[in-house]
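Novice: here is the input, now give the coordinates:
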Amino acid sequence: MVIMKVSHALALLGLLGGALAVPAHPMITPPPSLELARRDFGDDVGSYVGGIFSSFGSGVSSFIASGVPQFFADLPTGTKVLSSLSISDSDLAATPTQALNVPAYANWTDGGWNVRLHGNIFKQPNISQEKLDDLANVFLIDTDIKDLPENQQILARNMTAEIFVVQQSEVNVTITFVNNVEVEPSKDGGSINAAGGAQVIQVPGETTTEGDFDTFVVLLNTTGPNGGKMMGGNETSHVQTLNMYVNGTDTGNATAYLVPPEGVTIVSDIDDILRVTKIYDPKEGLLNSFARPFTPWMNMPDIYANWSRSLNDFHFHYLTTTPEQVTKSYMDFIYKTYPLGSFDTRPLNFSDVSATLAIRKFLLDKIFQTFPKRKFILVGDTSNSDIMKDYPQLDQDFPGQVLCIYLRNTSSTDSSDRFPYDTSGFKNLPQDRYMFFNVPDDLTNLDIVNGHCYNSSVKQNLTFSEQGLPFGLSKNAASATGAPSSWGLGTLVGLIMAAMATGML
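Specialist: Numbering: from 1, shown residues only. Take a look at the predicted model:
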């Protein structure tokens, strides 16, 4: 079976864990391989994290400990889907072509507006409900789909159908731009509908083996329905919007955001910061992502709505490392709950934990490089090891561009998050530039536009090392027993997973 239950994945992923060789700038190519570096580490630390894994009742991997949904790892693609469903090429040929068109951002250049077009072309096979139920049960931990409430059964089947699609390679993609976006400037960061720019563009090249397309194209400044034109990035501080439709399908609708060179962009993670996911609790995380309706985390929508109303010409960008097949639910949830904005997802061939953690930094670098004069507010949570490393690193890589960093301390409000996290990257950052917060209300009454990001009433309690370990256990104590003096959460968990898989723990 291509997708295995979490318990079956433990040994394989444990053997692949360890010190992860993360490429600096991964492109859409086969993901890098993982190498296991065996090291000694303190018995106390190994026992603690090993105990967390054991307490779940099922095997988990370094995906979970790194803040990545393991249940969406190693999803089937292409011929693997056909073989698992016993569907022939002729049967698939009779089904319509569909498109995932990811909401795009555009930057202003000497040649005009340069818009990033990216998405995926696929076909969705006809699958019986009985077969969908069988496939859904592969994902569910200690639960049968028939034991779920009826509305959750429907959601689980829909998600399963989204996973078992067949990507279409070597396809020419054509996109139509239209001036018909329904925006509310007071709600959507001051965004306005572009007065011109309607046109048809053929995306250069063909889709990849995985059905992906990702490229920048320059928009012509065509005349709009009332004789208007798109304003240049040097003429307005507003974000202008255009709707995009993939020709030949009614599923490839999205919005393009024409973002001026200067202003403020908020880059936001989604899981466990905008919605309740509980990635660190495999069974609950799977149900929350696979079967239950998406639920906002506390009153976080109010915080974003207030930022949108009070901060002029704000650009929202949502970045998730969830793979493309399952991001439609994410996009639908965001646009029903949070301000409109552009989007980034994980390309299909980034499937192992190393590549998955690398893709976030690559996508962050891309948007920073695209808008070198804009300021950025970064929002995430402590359960993501890549965020804990990447966010402070961006402040070094792009001096003067990071305005604020906000991280929800998931372990402070959710006792089910028992994994340690590393705060060492924040040691040299001024406290006024970042804040680890507990509840959304901690983010109120802050002058973030002027770089005053810290609410002094929120205690930080940072050690600038591994945190979240039980009392009396620390990285320094582990080092005294022979562990390396500097090691990240991914390495720690990988080593423990390898030890567990080989019977060492």
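
Novice: please make it C-alpha for all contacts and neighbour counts, starting now.
Specialist: OK.

Novice: got the buried residues for stretch 104-114?
Specialist: Using 16 or more other C-alpha atoms under 10 Å as the test for burial, stretch 104-114 gives 104-108, 112-114.

Novice: kindly indicate which of those residues lies nearest residue 124.
Specialist: For those, the minimum distance to residue 124 (C-alpha to C-alpha) is 23.8 Å, reached by residue 104.

Novice: can you tell me the closest non-neighbouring residue to that closest one?
Specialist: Computed as C-alpha to C-alpha, 6 or more residues apart in numbering, the closest residue to residue 104 that is not its neighbour in sequence is residue 256, at 4.5 Å.

Novice: CA atoms only for stretch 421-435 - export them in CSV, please.
Specialist: Output in CSV follows, covering the C-alpha atoms of stretch 421-435 (Å, rounded to 0.1, in the frame of the first residue of the first chain):
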residue,chain,number,x,y,z
TYR,A,421,11.7,23.7,20.8
ASP,A,422,14.8,25.7,20.1
THR,A,423,14.9,29.4,20.8
SER,A,424,18.7,29.9,20.2
GLY,A,425,18.1,31.8,16.9
PHE,A,426,16.5,34.7,18.8
LYS,A,427,19.5,35.3,21.1
ASN,A,428,20.8,38.3,19.2
LEU,A,429,17.5,39.8,18.2
PRO,A,430,16.3,42.9,20.2
GLN,A,431,13.3,42.0,22.3
ASP,A,432,11.2,44.7,20.8
ARG,A,433,11.4,42.9,17.4
TYR,A,434,9.8,39.6,18.5
MET,A,435,7.4,38.0,20.9
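
Novice: what bits of the stretch 51-200 of the chain have low per-residue confidence?
Specialist: Across the stretch 51-200 of the chain, the ranges flagged by pLDDT under 70 are 51-78, 186.

Novice: how about the strands of it, start to end?
Specialist: Secondary structure of the stretch 51-200 of the chain, counting by DSSP state E, counting those that start in this stretch: strands at 97-101, 104-109, 112-123, 166-167, 174-178, 192-193, 199-202.

Novice: and those strands as a markdown table, adding distance to residue 402?
Specialist: Formatted as a markdown table, these follow (distance: least, C-alpha to C-alpha, whole Å):
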| stretch | distance to residue 402 |
| --- | --- |
| strand 97-101 | 29 |
| strand 104-109 | 18 |
| strand 112-123 | 22 |
| strand 166-167 | 37 |
| strand 174-178 | 32 |
| strand 192-193 | 25 |
| strand 199-202 | 34 |
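
Novice: out of these, which is the most enclosed?
Specialist: strand 166-167 (a mean of 24; mean count of other C-alpha atoms under 10 Å).

Novice: which strands and helices sit next to that one?
Specialist: Contacts defined by 3 or more C-alpha pairs under 8 Å, 6 or more residues apart in numbering; DSSP states H and E place strand 166-167 against helix 79-85, strand 112-123.

Novice: now the ones you listed as TSV including distance to residue 147?
Specialist: Shown next, in TSV, are the helices and strands packed on strand 166-167 (distance: least, C-alpha to C-alpha, whole Å):
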stretch	distance to residue 147
helix 79-85	24
strand 112-123	30
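
Novice: any chance of the backbone angles for the residue of the chain most remote from its centre?
Specialist: Relative to the centre of the chain, and counting by C-alpha atoms, centre = their mean, the farthest-placed residue is residue 227 at 39.2 Å. Dihedral pair for residue 227: phi 80, psi 10, per degrees, to the nearest 10.

Novice: for it, give its distance to residue 195.
Specialist: Separation of residue 227 from residue 195 (C-alpha to C-alpha, to the nearest Å) stands at 8 Å.

Novice: now residue 141
Specialist: Residue 141 sits 51 Å away from residue 195, taking C-alpha to C-alpha as the criterion.

Novice: same check, this time on residue 396
Specialist: Distance from residue 396 to residue 195, by C-alpha to C-alpha: 39 Å.

Novice: contacting residues around residue 229?
Specialist: Residue 229 makes contacts with 194-197, 221-223, as judged by C-alpha atoms under 8 Å, 6 or more residues apart in numbering.

Novice: now, of the residues you listed, which are buried?
Specialist: 194-197, 221.

Novice: mind putting those residues into CSV with distance to residue 436?
Specialist: As requested, these are exported to CSV (distance: C-alpha to C-alpha, whole Å):
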residue, distance to residue 436
194, 38
195, 41
196, 43
197, 42
221, 44
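
Novice: which of the residues you listed sits closest to residue 157?
Specialist: Residue 157 lies nearest to residue 194 out of those, by C-alpha to C-alpha, at 38.3 Å.

Novice: I'd say the closest one and residue 238 touch.
Specialist: No - between residue 194 and residue 238 there is no contact under C-alpha atoms under 8 Å: 9.9 Å.

Novice: between the two, what contacts are shared?
Specialist: By C-alpha under 8 Å, 6+ apart, no residue touches both residue 194 and residue 238.

Novice: now do the lengthiest helix in the chain: which elements does it pack against?
Specialist: If you go by DSSP state H, the chain has its longest helix at helix 353-370. If you count contacts as 3+ C-alpha pairs under 8 Å, 6+ apart, helix 353-370 packs onto strand 314-323, strand 342-346, helix 385-397.

Novice: direction included, what does the first one pair against?
Specialist: Within its sheet, and counting by DSSP bridges, strand 314-323 is paired with strand 264-268 (parallel), strand 342-346 (parallel).

Novice: surely residue 466 meets residue 419?
Specialist: No - the criterion here is C-alpha under 8 Å, and residue 466 misses it with residue 419 at 10.1 Å.

Novice: quick one: which of those two has more around it?
Specialist: Under the criterion of other C-alpha atoms under 10 Å, the comparison of residue 466 against residue 419 puts residue 419 first, with 24 against 19.

Novice: and the more buried one, which of the three is it?
Specialist: Of the three states, residue 419 takes coil according to DSSP: H, G, I helix; E, B strand; the rest coil.
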